[in-house]
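J.: only geometry, no sequence info:
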């Protein structure tokens, strides 16, 4: 245990550095955008009607005349204080907007991740134990199909069937006042409404996790120590759950972490399909309108979530794998 | 005489695989689909029944019938023709970006594994940084900044998939780099370039080919997804994703403008995935003497 | 008659109903449509308290028999005929629940590879107590206590602490002890052991064999011991069966078989092993020519006839039945008497080709450390030696002693931290900094035949590449030279177009040797070149190496762990322990006193095959020290049975020259070292 604290600290430190580097990359890429903030804010024609001096003042006010690293530094300091800048287009502070949108997105992402873990693992284990039977073939086939279908298609299909044809769910979620709802109401309405975007989000990841778990469990069941367990007289259920799973879970953790990231990224598409007011949709809008501070903020938030998910998985992996824990 | 098929070269394996009838249905179906798509992609402009842009004002929003095998959209354009043309775009972007990713991945992965030590450490750190971006997000960033176009799409997708390929190539290369024939080459005085390209890579081809086919599937999906959110090649270039997005508002009246391109995407990806599975069965089959799990 | 070598009739062997009775068992494997009759009509019995050995080379099917007894064949194999009975019960008729009740309880198994046979995520103690919980329904606490007790019985240090460790935290020998503890903890009636000491050091192997003997005595277990090592069988088993290509060809009690082997295959195997008291000047090894037949295309002839030196017409027509040649002895051969042709021994005095006095390679105070988090790991710790032109220098040591590291430094694959390596009077560094000429002159033969050739290249490409790189011959002549090289390793032109996966392990190793010789080097380093080969193949390769050396007058540095082999081949031998030199001298000098204490222990651990040799027993207790901790004294003092006192702990011994060319690094004065009994006494009367 005493090794744990310095280990965590080292990890957190490395993650922090990673986040800084990522933010620099995103910032840097955004600088490549042709055109200037002022151009964006004012639009071409309005620009011409203003005088040069006004434009210059505006530039100075926005801090656009400063060298790049200075701009970055100012922005970074701001972030640490919770200030994510001001949107060019909406002319409002970004932070509160991003936070509330993030909450709504999490409402989809968290259940989706849970579904992925539960269904992915259990189906994977089942397939591995029943390898080459029709159960296995069936699950494999379904998985492969799930992986071949783009998320927007599944979402669109859901909408088509359940909204257009059956009218169970609204066709566009921005009509729902999700942001205004209290926590309870949100969860309550979940199964009626939020299930579908969540499920769509989870779809691809369930298949991914399932296939990986199956593959690693099959490998486990071929190992020498599983053979030893069988020859010791350990009953089948214990061999699978107690011996094989313990080791087979490890590669699955890596895949699960990767897919949490995929789910986070997948909110972008899903929110586009369902017109769901989450952070993904916000990002699309930001890009469409070239709202640089907003692009920056949404990108950073989403990337950070991904990095954090990987960090958790990393820590879990090293703790669960005795070969690493007790090197 | 030992006959350890898992050590044969990729090409020989394909031939031996065919002869040993290792061909699975996966391979056949996938291969057929893939060939079909490539064919359509190459000859697209010549096989469209109608001009993709031509608007038939008398036949707005029609269901599949008569001259319009997949119906028409709200502008009266033949959906089948548009989907056929879209094949070209998607295939071009997806395959070029996959090739780019493979090339970068091979270079970095093999070199990193061969040199090991600090070089490997640094390269992998950089690799990890790039892997910290979810693919879609990074692609959105790059295209959002550089502007949507086919070339930018290829660059973005190629760059974002390169680290993943690097990981896979490096893992395989690490398996080999400590084997004795590599030592023998070093003792023989071969240059690093020779060792990487003439000793190591020929043993990694199967993995690269299989990884390439997996990547291709993802590349097609990513291309379509980017098109869906408006970051694909801009109109008038026909793009499956864009088609699916722009027509969705009119699903009530006719679903075909939305679902036709979607079905095309699915069939293409399934074809690629099946073909990849089939390739995997031939190229990466582990020696069958391994005891199978028997509990 | 002391020592582990005099096997008298085992009084523990009862003659009651057989614990294991295998009768006419046929086992078939299916690969696609092809049927491989892997085991044919195997029959034998094991009585209570008896140790029964099954000896065979790779591909003989010995492990298959073991797994068949456990009813654990791969899904593409089946027992096609015969009966396997355990204490009267037919195992093949049992349901899987009934089998569960037997496995681990009445019939236990100790598998081959200890590290992969233990679950890496479970603590060692838990893996033992699990058996007790399942079969004896003990509670966690009780089971754990008993498990710790068991770990103590197998002489694991600090059993309570070891029980809490994970498999990767303990050494290979300790892992194997854990597996043995697991097998014995239920006091089974039958214990199946599948090559349990393969891959372990010789000294560790000796201790494990002692342990097995002790456990067998205490628990009266019947042991079914599978191995390829005849020496081990001789030291452990009461009866033995020899299996070849799926058929048992000879069976009988150990004593008589080793004294007078009946079947030609057994004789061949015994002849392949370098004898403990011969030298290369006295006898070439008898190899067994040919290959194991293809089991898919069996013929009615005797299974061994294609390779048998004494084959007659009737052998080729019809396979012989078993012939009883004595009490409890049978052999599957028509003949019981053989006129042994006197092999034309090369009695030429090989001292004529003895090395010159000129020093080719000199290693001076070589040090190689690997920096780790906890300190510097000393792989090579201030070692100095030289190798003369045309000399065969042997390097012997157990795993982790640094011999491979030294070899890699000399051949240029690794950098070293301190010291100098001089070749041809020139200081040389790593391969990348060496001149092309130097590189050409130093070549290497590697250990693992499966990994030594690039699977994507043909034999021709592999051999001609060095010819091209160093322009040994002009382009037009390269193919011809490649053919000559192949012929010099007893392969033919036909091999040029083959890929590595199409040729056998021994052939791959020969190609590796040809490749090393291609550049016409002056020094070849051979890193355990025959350790991964079957015994019958080893002999051929050894003979080949010897012939080539004689012909080309090349110096060899031959790394190995088998002292008999080393003795057979080398002019001088050095013994290495933890990166330091213990003893160096001629092979005869090493086998006679004065001995360095480590050399003495190594000699004592050799599984001797000759029936008329007595061998003193010396066992090393204690653990190998950590190579990271500083060690001002002798490296061996933690395990040395002759440690004299503090001086061993505090100062490293200097090398004492016992005779010109024979040095020992020990604090014990030479007179004392010379005063011990020699390790081997020959011509001992053999007691039945």
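T.: Thanks, I have it. Model, not experiment: these values are computed from the prediction.
J.: for the rest of this, base every contact and every neighbour count on C-alpha atoms.
T.: OK.
J.: for residue C:635, which three-state class applies?
T.: Three-state assignment for residue C:635 (DSSP: H, G, I helix; E, B strand; the rest coil): coil.
J.: can you give me the separation between the closest residue to residue C:654 other than its chain neighbours and residue B:55?
T.: Setting aside the residues directly before and after it, residue C:654 is nearest to residue C:665 in space (Cα to Cα, 6 or more residues apart in numbering or on different chains), at 5.4 Å. Separation of residue C:665 from residue B:55 (Cα to Cα, to the nearest Å) stands at 97 Å.
J.: mind naming the longest helix for the chain?
T.: Here I'm looking at chain A. Using DSSP state H, we find that the single longest helix of chain A is helix A:94-129.
J.: ah, I was thinking of chain B
T.: In chain B, taking DSSP H as the definition, the longest helix is helix B:79-115.
J.: okay, and for the stretch 201-350 of chain C, where does confidence drop off?
T.: Low-confidence regions of the stretch 201-350 of chain C, defined by pLDDT under 70, span residues C:277-284, C:339-350.
J.: tell me the SS of residue C:658?
T.: Residue C:658 ends up strand, using three-state DSSP.
J.: would you confirm that it contacts residue C:671?
T.: No - the criterion here is Cα atoms under 8 Å, and residue C:658 misses it with residue C:671 at 9.5 Å.
J.: who's in contact with whichever strand or helix holds residue C:53?
T.: Assigned by DSSP states H and E, residue C:53 falls within strand C:51-55. By Cα atoms under 8 Å, 6 or more residues apart in numbering or on different chains, the residues outside strand C:51-55 that reach it are C:46, C:62, C:222-230, C:233, C:236-243.
J.: count the residues that sit near residue 71.
T.: Picking chain A for this. Neighbours of residue A:71 under the rule other Cα atoms under 10 Å in any protein chain shown: 15.
J.: that's the other chain; I wanted chain C
T.: Residue C:71: 19 neighbours (other Cα under 10 Å).
J.: try residue B:264
T.: With other Cα under 10 Å as criterion, residue B:264 counts 17.
J.: low-confidence ranges in the stretch 101-250 of chain A?
T.: For the stretch 101-250 of chain A, the stretches with pLDDT under 70 are A:168-172, A:174-192.
J.: tell me which parts of it are close to chain C?
T.: Contact residues (Cα under 8 Å from any Cα of the partner chain) of the stretch 101-250 of chain A with chain C: A:223-228, A:230-235, A:243, A:246-247.
J.: try it again with 7 Å
T.: A:224, A:225, A:228, A:231, A:232, A:233, A:246, A:247 (Cα under 7 Å from any Cα of the partner chain).
J.: ok, back up a step: buried ones in the longest helix of chain A?
T.: A:94-95, A:97-98, A:100-102, A:104-113, A:115-117, A:119-129 (16 or more other Cα atoms under 10 Å in any protein chain shown).
J.: which ones among the contacts of strand C:51-55 map onto strands?
T.: Taking DSSP state E, the ones among those that sit in strands are C:46, C:222, C:223, C:224, C:225, C:226, C:227, C:239, C:240, C:241, C:242, C:243.
J.: how much space separates residue C:613 from residue C:673?
T.: In this view, residue C:613 and residue C:673 are 22 Å apart by Cα to Cα.
J.: how about the residues of chain C near chain A?
T.: Proximity of chain C to chain A (Cα under 7 Å from any Cα) is limited to residues C:100-101, C:103-104, C:108-109, C:116-119, C:121, C:131, C:168.
J.: thinking again about what came up before, list the strands paired with the strand holding residue C:53, with their directions.
T.: Strand C:51-55 has the following strand partners under DSSP bridges: strand C:222-227 (parallel), strand C:239-244 (parallel).
J.: list the contacts of the closest residue to residue C:286 other than its chain neighbours.
T.: What sits nearest to residue C:286 in space, not counting adjacent residues and going by Cα to Cα, 6+ apart, is residue C:272, at 5.2 Å. Residues near residue C:272 by Cα atoms under 7 Å, 6 or more residues apart in numbering or on different chains: C:285, C:286, C:287, C:535, C:536, C:539.
J.: so who does the fifth one touch?
T.: If I follow you right, that is residue C:536. Residue C:536 touches C:269, C:272, C:287, C:288, counting by Cα under 7 Å, 6+ apart.
J.: and which of these is nearest chain B?
T.: Proximity to chain B was ranked across the contacts of residue C:536 by Cα to the nearest Cα; first place goes to residue C:288, at 16.4 Å.
J.: which other helices and strands does the host helix or strand of residue B:129 contact?
T.: If you go by DSSP H and E, residue B:129 is part of helix B:117-131. Applying 3 or more Cα pairs under 7 Å, 6 or more residues apart in numbering or on different chains; DSSP states H and E, we find helix B:117-131 packed against helix B:79-115, helix B:150-177.
J.: how about 10 Å then?
T.: Helix B:117-131 is packed against helix A:4-31, helix B:79-115, helix B:150-177, with contacts defined by 3 or more Cα pairs under 10 Å, 6 or more residues apart in numbering or on different chains; DSSP states H and E.
J.: how far is the helix or strand just after that helix from where the chain is centred?
T.: Sequence order places helix B:135-146 as the next helix or strand after helix B:117-131, per DSSP H and E. The chain centre lies 18 Å from the centre of helix B:135-146; the measure is Cα atoms, centre = their mean, to the nearest Å.
J.: now do the longest helix of chain B: distance to the chain's middle.
T.: Remark: helix B:79-115 is offset 6 Å from the chain centroid, using Cα atoms, centre = their mean.
J.: that older thread, of the residues of the stretch 101-250 of chain A next to chain C, which ones also sit close to chain B?
T.: Restricting these to those within reach of chain B (Cα under 10 Å from any Cα of the partner chain) leaves A:224, A:231.
J.: after whatever helix or strand residue A:270 lives in comes which helix or strand?
T.: Under the criterion of DSSP H and E, residue A:270 resides in helix A:245-274. As assigned by DSSP H and E, the chain's next helix or strand after helix A:245-274 is helix A:279-288.
J.: what helices or strands is that next one leaning on?
T.: Checking 3+ Cα pairs under 10 Å, 6+ apart, helix A:279-288 ends up next to helix A:94-129, helix A:245-274, helix A:292-320, helix B:135-146.
J.: between the ones you listed, which one is nearest to residue A:166?
T.: Taking Cα to Cα, helix A:245-274 is the member of the helices and strands packed on helix A:279-288 nearest to residue A:166, at 15.9 Å.
J.: run the chain-centre distance for that closest one.
T.: Worked out by Cα atoms, centre = their mean, helix A:245-274 lies 7 Å from the chain centre.
J.: quick one, that helix and helix B:135-146 angle?
T.: 40 degrees (axes from the mean of the first three to the mean of the last three Cα atoms, to 10 degrees).
J.: show me what counts as buried in stretch B:175-187.
T.: Using 16+ other Cα under 10 Å as the test for burial, stretch B:175-187 gives B:176, B:177, B:179, B:180, B:181, B:182, B:183, B:184, B:185, B:186, B:187.
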